[in-house]
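Novice: Fold the following, please.
(chains A and B)
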Number of protein chains: 2
Amino acid sequence: MLIKNGKVIIFEDNDVKVKQIDIKIKENKIDKIEERIEPEENEKVIDAINKVVMPGLINTHAHIAMSIFRGTFEGCDLYTWLNEKIWPIEAKLTSKEVYNASMLSIIEMISTGTTCVNDHYFFSKEIRKALEKSKMRAMITRVLMDSDGKEASENRINEFINLYETRNKEDNLISYSVAPHGLYTCSDNLLKISENLARQYNLPIHTHFLESINEIEDIKNIHNATATEVLKKYFDGIPTILAHGVKINDEDIEVLKTMQCGISHNPISNFRLGCKIADVTKYLKNGINVALGTDGQGSGNNLDMFETMKLAALGQGGIHENEERITSKDVIKMATINGAKLLGIDNKVGSIEKGKEADLIIVDITPKLDNIKIIPNNDIISNLVYNTNGNSVQTTIVNGEILMENRKMKLIDENKIIEQFV
Amino acid sequence: MLIKNGKVIIFEDNDVKVKQIDIKIKENKIDKIEERIEPEENEKVIDAINKVVMPGLINTHAHIAMSIFRGTFEGCDLYTWLNEKIWPIEAKLTSKEVYNASMLSIIEMISTGTTCVNDHYFFSKEIRKALEKSKMRAMITRVLMDSDGKEASENRINEFINLYETRNKEDNLISYSVAPHGLYTCSDNLLKISENLARQYNLPIHTHFLESINEIEDIKNIHNATATEVLKKYFDGIPTILAHGVKINDEDIEVLKTMQCGISHNPISNFRLGCKIADVTKYLKNGINVALGTDGQGSGNNLDMFETMKLAALGQGGIHENEERITSKDVIKMATINGAKLLGIDNKVGSIEKGKEADLIIVDITPKLDNIKIIPNNDIISNLVYNTNGNSVQTTIVNGEILMENRKMKLIDENKIIEQFV
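Specialist: Got it, this is the predicted structure:
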C-alpha cells in the first residue's frame, strides 16, 4: 500500500516537522518513506493530497464500556460521582451491555483517529472480544480493588488471571496491564498481590494516581505513607502508567523521576470532575513522560483525542500565568510517541518511521467550508491541535490494515451498533 | 416559513428545556410556537426531525478581521503578543485585507451557528460592508486608544464619529458601541471623550477589562485608581460590555453590581494567552450578567461558539475544586440570551419566543457516524455543550432570513473567499 502526496508529521531532530513525502506500507510495517515513491503494479494507492498523515493517536487511559454514561451526572466531584452515581450502576451491568458499549466506543475511536487504547475496566473478556473484532491495538486489564471486601477482591484477581491466561499468544495487537484501581481503593495486601502479578507476568501497572485532592489524606490513612511512597514501595522498577496525576507536588516529582513511570494526562475528565489542572509542563520539564488519555465518556465526555489534545494545550494557560508552557508540538508528541512510550510499545508504534508497524491516520485539511476553522492554514500543527476534531479523520490504519477509509468503517457495521443506543 | 418536528431549546420557568414543537416564522419574526402547526399553501417547510432548534449564538467579543492571524504566535503573554507581534502587523493592514478577512470570519460564524457578533476593530467601514452583505446581526465600532500619541487618537475618534454618522438608520441588524480599547491603553482624557460619545449617541461602551494581571498595576499608574474605580467614574449608568474580566476581585464585584455592566467571557483566548480562568461562576452568583465571546482567531483560535461553550463549562472545573459551578444549561444561556442582554438586544433576540426576531440555528443530532460523540444522547443540552462543534449546524437563520441551509451558504460564495487564503 502506498500513501502519496500527504503532508506527513515526522519527529526529527527533537522537533515536530511537516514534510511532503510518500509512505510505503508492506504487510503490517512502514517499509519506505521517501519524497516520491512510484506504486508497484496493482498496489493500493491512497492519494493524500490536501491531507495530513500522522501517527495514530494513542489513548493511554480509558474505560471504553462507559460510553453508556455519556452526558450524565454533570457537576459531581470524583468521590460523589464514583460512590453515589457510577459504582451502583456498574454493579448492575451485564456482559452484553459491556460488549455493546465497547463496540460503540471502538467506532468512536477509529472514526476520530485513535489507533490504540489503554483500557481499565471489568467484563474484560467482552472488551477483548470487541477489540479483537475491530483490530484496534489495545492494552487491557481486569481492574482490581478491595475497598468493598475480600470476596469481591478475590473474584477480581481470579478474573484477571483468567483473562491473562486465556490470551491469544499470537495476537500482536492486544497487550495487558495489572490494574490496581487506585491507592485509595486498594489495601497494602492487594498492592502486594498486584506487584507480584506484574513481576510474575512481566506486565506494567496501570492505576489511578492522585486524581483528586481527597485521595491524599485517604491514602495516608490506609497506607500510613504518601501516595508516592506507596508507589515506590511496591512498583519500583515496574513500568507504571499513572492515570491523572493532578496532585503531584515537587517532592513527589523527585521520587517519580527515580521510577519507571509516566503520567496519562486526562484534562477533560479533570476539568469536568472539578479536580483542577495537572501541571504537565512541569512534569515534562522534569523528564517525566506525559501522554494523553480521555478517561471514560462519563467524565471525559468523549473519546476524541483531538479534543483532549486541545484541552491539554489550552489547560496549561489556566495555571501558567505569563509563563512558558507546552506548545502544540509537545501535545502532538504526547498524543502519539509519548503514549507509545508510556505503554512500552514505542519500538513498534507512535511515530512514522521505517520499520515501525503502520498505525497511522489521514486527516483532511482541504480548504472548504467544513474546514473553515483551519483557514488560513498558517501553522498545520497548531491547527491540528487547536482547530481540528476527530471528524476530520478520513482514514485510520492499524498494523497496516485499513479500519476506516474515507469515513467508511471497514470491519464493523456501525449502524447496527448505533441503533442499539437510540 | 415553518420549522417542523425539531427538538427546540426553550428558556422557561428559569430553566432550559427541550421541547418537540413547531415554529412558524412570518416576515422577520417568530409568529407562533405550538406543538403542531400545519403549513399554509406554498409555505416553506424545514423538516427538523433529528435536529435541535436553538437560539442563534451571540458572540459578544471578537475582532473578526483577525482570521488572518490564526495559528500564529503560540505561547505569548498578552503584552508581548500585542506589543511585539500583533500591533506591528496590524499597523500595515489594508482596508481590502480587513474586508476579505472579515468575510472569511463571517463564513466561519454563519457556518458554526453564530447569528450575531460584537466586533472591536478598525477599518470598520469595511467590516460593516462585509456584515451588510452577509445579513448577519452585529454590533460594530471603531476602537479608540491614545497610548501611542494624540494624533493617532484623534484620527480614531474622527473615524468612529464618521462610522456612526454614516450609518444606515433603516438597518435593523447593525448597531454600534463606543470602544475605548482598554483602561491601560486610554488616558483619562480619552475615557472622558468615550463617555461623552456614549452619552451623546446613547450607545453602550465595549472595552477590554482586566484581561491580564499586568493591567492592574498599569491602570493604577495611568489613572491613579483601580480599574473598577475608573470604570465607575466614567461609565456609571452607561451599558458597558467588559471583555474578559479575568482579574475581578470581590471588591470589584461589589462595585460592578451597582453598574449597568456585564462580562464577555472569552475562555479560549484567556487560556491561550496564559491569563488563567475568569471565575464566571462567582460573577453569575453575584447577579452580574456573563455572556460568551471568542476573541479574534489570533488568540481565540476560531470563532466556533460551540468550542467556547465547551471551554466555558469545562474551565470552571479548573478553579472550583469539588465545588458547585456553572452547568451546561447555564452555558447555553450565556451563549444566547445572556449575550443578547449584554448587547442590549434581548427584547429582539436571544431566545425562541413568540414576537422575537427569528435568529435561530438548526443542529443535526441524527444518530450516525459523524455524530458518534453524542450517542447515546442521554442529555441533549450536555451533548450540545460538551460533544458538539459548529460543523453540526445545518441551517442558520437571521432576522427570518436563511443565511445557510443544509450547510450551503445562501448569500456568500464561500469558495471565492476561501481561495484567497490558500
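
Novice: helix/strand/coil for the nearest residue to A:Leu191 once chain neighbours are set aside?
Specialist: If you skip the residues right next to it in sequence, A:Leu191 has A:Tyr234 as its closest partner in space, 4.6 Å away by CB to CB, 6 or more residues apart in numbering or on different chains. C-betas here are computed from N, CA, C, even on glycine. Per DSSP: H, G, I helix; E, B strand; the rest coil, the secondary structure class of A:Tyr234 is helix.

Novice: measure A:Tyr234 to chain B for me?
Specialist: Between A:Tyr234 and chain B the distance is 28 Å, computed by CB to the nearest CB, to the nearest Å.

Novice: Then A:Glu38?
Specialist: Applying CB to the nearest CB to A:Glu38 and chain B gives a distance of 28 Å.

Novice: One more: A:Leu343?
Specialist: 24 Å.

Novice: what ranges do the strands span in the stretch 151-300 of chain A?
Specialist: If DSSP state E, counting those that start in this stretch is used as the criterion, the strands of the stretch 151-300 of chain A fall at A:174-176, A:179-180, A:205-209, A:240-244, A:261-265, A:289-292.

Novice: what is the rounded mean pLDDT of the third one?
Specialist: Summarised as a single mean, pLDDT over strand A:205-209 is 98.

Novice: Over to the last one?
Specialist: Predicted confidence along strand A:289-292 averages 98 (mean pLDDT).

Novice: What strands line up against it, and which way round?
Specialist: Taking DSSP bridges as the criterion, strand A:289-292 pairs within the sheet with strand A:261-265 (parallel).

Novice: what residues does the strand it pairs with touch?
Specialist: The set of residues that contact strand A:261-265 without belonging to it, under CB atoms under 8 Å, 6 or more residues apart in numbering or on different chains, is A:60-61, A:118, A:209, A:231, A:235, A:239-245, A:248, A:278, A:280, A:283, A:288-293, A:312, A:334, A:338, A:341-342.

Novice: pretty sure A:Tyr184 contacts A:Ile222?
Specialist: Yes: the criterion here is CB atoms under 8 Å, and A:Tyr184 meets it with A:Ile222 at 6.6 Å.

Novice: got the end-to-end distance for stretch A:352-372?
Specialist: Stretch A:352-372 has an end-to-end distance of 28 Å (CA to CA, to the nearest Å).

Novice: So that stretch, near chain B or not?
Specialist: Yes: part of stretch A:352-372 sits close enough to chain B to count as contact by CB under 8 Å from any CB of the partner chain, namely A:Pro367, A:Lys368, A:Leu369, A:Asp370, A:Ile372.

Novice: Equivalent analysis for stretch A:377-391, please.
Specialist: Yes: remark: stretch A:377-391 sits within contact range of chain B at A:Asn377, A:Asn378, A:Asp379, A:Ser382, A:Asn383, A:Tyr386, A:Asn387, A:Asn389, A:Gly390, A:Asn391, by CB under 8 Å from any CB.

Novice: before we move on, the earlier item: A:Tyr184 and A:Ile222: which is more packed in?
Specialist: Using other CB atoms under 10 Å in any protein chain shown as the criterion, A:Tyr184 and A:Ile222 rank with A:Tyr184 on top: 25 against 18.

Novice: For the more buried one, grab phi and psi.
Specialist: The phi and psi values for A:Tyr184, taken as degrees, to the nearest 10, are phi -90, psi 0.

Novice: quick one: the residue lying closest to it once chain neighbours are set aside from chain B, how far?
Specialist: Excluding its sequence neighbours, the residue lying closest to A:Tyr184 (CB to CB, 6+ apart) is A:Asp218, at 4.2 Å. From A:Asp218 over to chain B the distance is 14 Å, taken as CB to the nearest CB.

Novice: Tell me the confidence at A:Asp218?
Specialist: 97.

Novice: so it touches A:Leu210, yeah?
Specialist: No: look at A:Asp218 against A:Leu210 with CB under 8 Å: they stay out of range, at 10.9 Å.

Novice: Nearest to chain B: which residue in the stretch 151-300 of chain A?
Specialist: Scanning the stretch 151-300 of chain A for proximity to chain B using CB to the nearest CB identifies A:Phe271 as nearest, at 3.9 Å.

Novice: check contacts around that residue.
Specialist: Under the criterion of CB under 8 Å, 6+ apart, the contact list for A:Phe271 reads A:Ile277, A:Leu311, A:Gly315, B:Leu314, B:Gly315, B:Gln316, B:Gly317, B:Gly318.

Novice: Make sure the fifth one is indeed in a helix.
Specialist: Yes: with three-state DSSP as the criterion, B:Gly315 is part of a helix.

Novice: which ones are touching it?
Specialist: B:Gly315 sits next to A:Phe271, A:Gly318, B:Pro267, B:Phe271, B:Ile277 when contact means CB under 8 Å, 6+ apart.

Novice: now do 7 Å
Specialist: Neighbour list for B:Gly315: A:Phe271, A:Gly318, B:Pro267, B:Ile277 [criterion: CB atoms under 7 Å, 6 or more residues apart in numbering or on different chains].

Novice: so what's the third one up against?
Specialist: In this case it means B:Pro267. When contacts are counted by CB under 7 Å, 6+ apart, B:Pro267 is found next to B:Thr308, B:Leu311, B:Ala312, B:Gly315.

Novice: 8 Å - rerun?
Specialist: Taking CB under 8 Å, 6+ apart as the criterion, B:Pro267 is in contact with B:Ile277, B:Ala278, B:Leu292, B:Thr308, B:Leu311, B:Ala312, B:Gly315.

Novice: gap between it and B:Val246?
Specialist: Counting by CB to CB, to the nearest Å, the gap from B:Pro267 to B:Val246 is 10 Å.

Novice: which residues do these two both contact?
Specialist: With CB under 8 Å, 6+ apart applied, the overlap between the contact sets of B:Pro267 and B:Val246 consists of B:Ile277, B:Ala278.

Novice: Got the phi and psi for A:Leu2?
Specialist: In terms of degrees, to the nearest 10, the main-chain angles of A:Leu2 are phi -130, psi 130.

Novice: Any idea what it is bridged to?
Specialist: For A:Leu2, the beta-bridge partners are A:Lys24, A:Val45 (DSSP bridges).

Novice: Any idea how far apart the tips of stretch A:171-183 sit?
Specialist: Taking CA to CA, the first and last residues of stretch A:171-183 lie 31 Å apart.

Novice: Buried ones in that stretch, by neighbour count?
Specialist: A:Leu173, A:Ile174, A:Ser175, A:Tyr176, A:Ser177, A:Val178, A:Ala179, A:Pro180, A:His181, A:Gly182, A:Leu183 (16 or more other CB atoms under 10 Å in any protein chain shown).

Novice: what does stretch A:299-313 give?
Specialist: So for stretch A:299-313, counting by 16+ other CB under 10 Å, buried means A:299-313.

Novice: Please apply the same query to stretch A:187-205.
Specialist: The neighbour-count check on stretch A:187-205 (16+ other CB under 10 Å) flags A:Ser187, A:Leu190, A:Leu191, A:Ile193, A:Ser194, A:Glu195, A:Leu197, A:Ala198, A:Tyr201, A:Leu203, A:Pro204, A:Ile205 as buried.

Novice: Repeat that for stretch A:227-236.
Specialist: Within stretch A:227-236, the residues scored as buried using 16+ other CB under 10 Å are A:Ala227, A:Thr228, A:Glu229, A:Val230, A:Leu231, A:Lys232, A:Tyr234, A:Phe235.

Novice: can you put those in a markdown table and add distance to A:Ile110 and pLDDT?
Specialist: Shown next, in a markdown table, are the buried residues of stretch A:227-236 (distance: CB to CB, whole Å; pLDDT from 0 to 100):
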| residue | distance to A:Ile110 | pLDDT |
| --- | --- | --- |
| A:Ala227 | 35 | 98 |
| A:Thr228 | 36 | 98 |
| A:Glu229 | 40 | 98 |
| A:Val230 | 37 | 98 |
| A:Leu231 | 33 | 98 |
| A:Lys232 | 38 | 98 |
| A:Tyr234 | 35 | 98 |
| A:Phe235 | 32 | 98 |
